[in-house]
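>>> Got a predicted model here, sequence first, then my questions.
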Amino acid sequence: MFGDMNFWQLMMKGGIVTVLLIALSVISWWIIIDRLIRFTKIKNNTKEFMEKLKNLIVKDDEVGAMTLCETTPGPVSEVVREGLRHRKKDKAKIESAMQRALNSESERMQFSLGILGSIGNVAPFVGLFGTVLGIMRAFKDIAMASGAGPSVVANGIAEALVTTAFGLVVAVPAVIAYNYFMRFVDSVETEAVNASSELIDILDEVK
């Protein structure tokens, strides 16, 4: 029954549910591409960055240290920069300032990831809803036609198959991307925490 249909015609067999799934897919891929671009830009060699920073602090080159932070993209440099801005204060206040910066950077990194995770969880159920509608249509067609054959119930079955499959097509990349991005965020947060601790030690050494 699908032999003469192109991809778009086959998709439209799912009716309004397919339209909803297409919308979810567009949103999902927009978030995935946006986060990939963002995370690619902020991934740096934290060890190398902290070595350069330590050398500048030991030389008492405060301007150079701040410039290094400002020219190095990413949450780690932002957290460290906040610590340097409060370096004249006591240890507790420095740690508090860096923690606030880390919270802000974590929130920025996780922007829209909740939506991506929700799409990954909801899309299969939306597809299942389309499946139920398709089966209901098939039974209705059978009830309205005497001696119903495969051609009578074809539309309902097609809708059921298409929405189930498309729901999974939308959900799988969303779930994979969400898990990858959350692991990335956790990794960057750990690097920022370690960098914060290292900065405190450096500042203690040069006092």
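Happy to help now that I have it.
>>> Quick check: next helix or strand after the lowest-mean-pLDDT helix or strand in the chain?
Among the helical and strand segments of the chain, the one scoring lowest on mean pLDDT, DSSP states H and E is helix 7-12, with a mean of 61. The C-terminal neighbour of helix 7-12 among helices and strands, as given by DSSP states H and E, is helix 15-42.
>>> Next, work out how far apart V63 and I57 are.
Between V63 and I57 the computed distance is 12 Å (CB to CB, to the nearest Å). Placement of C-beta: from N, CA and C, glycine included.
>>> any idea how far the helix or strand hosting S196 is from the chain center?
In the assignment (DSSP H and E), S196 maps to helix 150-206. The chain centre lies 5 Å from the centre of helix 150-206; the measure is CA atoms, centre = their mean, to the nearest Å.
>>> for that helix, what is the average pLDDT?
Throughout helix 150-206, pLDDT has a mean value of 87.
>>> for stretch 96-115, same thing?
The average pLDDT within stretch 96-115 is 94.
>>> Just the buried residues of that stretch, please?
Neighbour-count burial for stretch 96-115 flags A97, M98, Q99, A101, L102, E105, S106, M109, L113, I115 (criterion: 16 or more other CB atoms under 10 Å).
>>> pretty sure the fourth one contacts G74?
No: with contacts defined as CB atoms under 8 Å, A101 does not count as touching G74, sitting 11.9 Å away.
>>> Looking at V63 and I57, which has the bigger crowd around it?
Shown here are V63 and I57; by other CB atoms under 10 Å, I57 has more neighbours (20 against 8).
>>> check contacts around the more buried one.
A65, I202, L203, V206 (CB atoms under 8 Å, 6 or more residues apart in numbering).
>>> just the buried members of the residues you listed?
A65, I202, L203.
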